[in-house]
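In: this one's sequence-less:
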């Protein structure tokens, strides 16, 4: 079971967007370039985020993508949901309702123990991802960045944002 | 992101094995038949469980698969690990180490905030799955079964176990 690379890519892209001066955006090409990623795939993943309402696309001089909400209101779960969809990883196909020992009076209204356990586990996973916002991530990334790195980003951004 | 059907199939198969009289086993064909599943795929999934040491294969008259440990010592996580492998769903490819703004003095010894958050979320998921044993599942399945269903299973088992 493997998550799309798009989750890692867009989480980092959104952390960068969260650190931009208010009102500014960055095109998908620049977001790809910032981590040396394939521009076409990055564009595809950013479109998924736009469809999910996590980012919005701006036209014009300061064009590109920017966060559609304050970074404190966007969680890592929002990004996973945009890229992977909201379906749980464990898909119950109700096999308990099949086979030679199923009796007419069987009661299948409540989920079986296996389905319920996987559902609870997945809820714990989502709950943690919902508790981490892009603001949390961006704050931590900034805290760990050296003055040299922050300066390099400022120079790079000035070249990208005209 | 989707888990293999093999997780659902073998979780149900193991719940059945957990309910067998001590010392008895069931071949993969019978485990497939019990829920009307494809025998070849069920055989493949049970082999994965055997390789992981969750079940063992017995030869002879009472042959087939049985649990390799007491059902209280096998968790739903053991089954997921056997079918899906132990790699986390979120794969960090360290893209933060790439790009025009990476500076020579950057410190990448500690995982980034994004990697750490996904790791904690996945740990919460695994912890819940590790807390549910096959004994828990089998007890609950038995509790919910009607007398008719239990009788049907007994008749079916007598035909399979010779």
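Out: Yep, it's here. Keep in mind that what you see is a predicted model, and the values were worked out from it rather than measured. Residues are numbered from 1 along each chain as shown, chains lettered A, B, ... in the order given.

In: So for stretch A:27-44, mean pLDDT?
Out: The average pLDDT for stretch A:27-44 rounds to 96.

In: Just the terminal-to-terminal distance for it.
Out: Using C-alpha to C-alpha, to the nearest Å, one end of stretch A:27-44 lies 12 Å from the other.

In: Go through it and flag the buried ones.
Out: Neighbour counts over stretch A:27-44 (16 or more other C-beta atoms under 10 Å in any protein chain shown) mark A:27-28, A:30-35, A:37, A:42 as buried. Where C-beta positions appear, they are placed from N, C-alpha and C, glycine not excepted.

In: just checking, which of those belong to helices?
Out: Using DSSP state H, the members of the buried residues of stretch A:27-44 that fall in helices are A:28, A:30-34, A:42.

In: circling back to that earlier point, now compare the buried residues of stretch A:27-44 and name the two farthest from each other.
Out: For these, the farthest-apart pair by C-beta to C-beta is A:27 and A:35; their separation is 14.4 Å.

In: Mind putting the buried residues of stretch A:27-44 into JSON lines with distance to residue A:129?
Out: Compiled in JSON lines, those are given as follows (distance: C-beta to C-beta, whole Å):
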{"residue": "A:27", "distance to residue A:129": "27"}
{"residue": "A:28", "distance to residue A:129": "24"}
{"residue": "A:30", "distance to residue A:129": "26"}
{"residue": "A:31", "distance to residue A:129": "21"}
{"residue": "A:32", "distance to residue A:129": "24"}
{"residue": "A:33", "distance to residue A:129": "27"}
{"residue": "A:34", "distance to residue A:129": "23"}
{"residue": "A:35", "distance to residue A:129": "21"}
{"residue": "A:37", "distance to residue A:129": "22"}
{"residue": "A:42", "distance to residue A:129": "21"}
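
In: For chain B, tell me which of these show up nearby.
Out: Within the set of those, contact with chain B (C-beta under 8 Å from any C-beta of the partner chain) is found for A:33-35, A:37.

In: can you tell me which helix in chain A is longest?
Out: The longest helix of chain A (DSSP H) is helix A:113-130.

In: So for that helix, mean pLDDT?
Out: 96.

In: wait, doesn't residue A:45 sit right on residue A:6?
Out: Yes: assessed by C-beta atoms under 8 Å, residue A:45 is found in contact with residue A:6 at 3.8 Å.

In: list the residues that contact both of those two?
Out: Here residue A:45 and residue A:6 have residue A:83 as joint contacts, going by C-beta atoms under 8 Å, 6 or more residues apart in numbering or on different chains.
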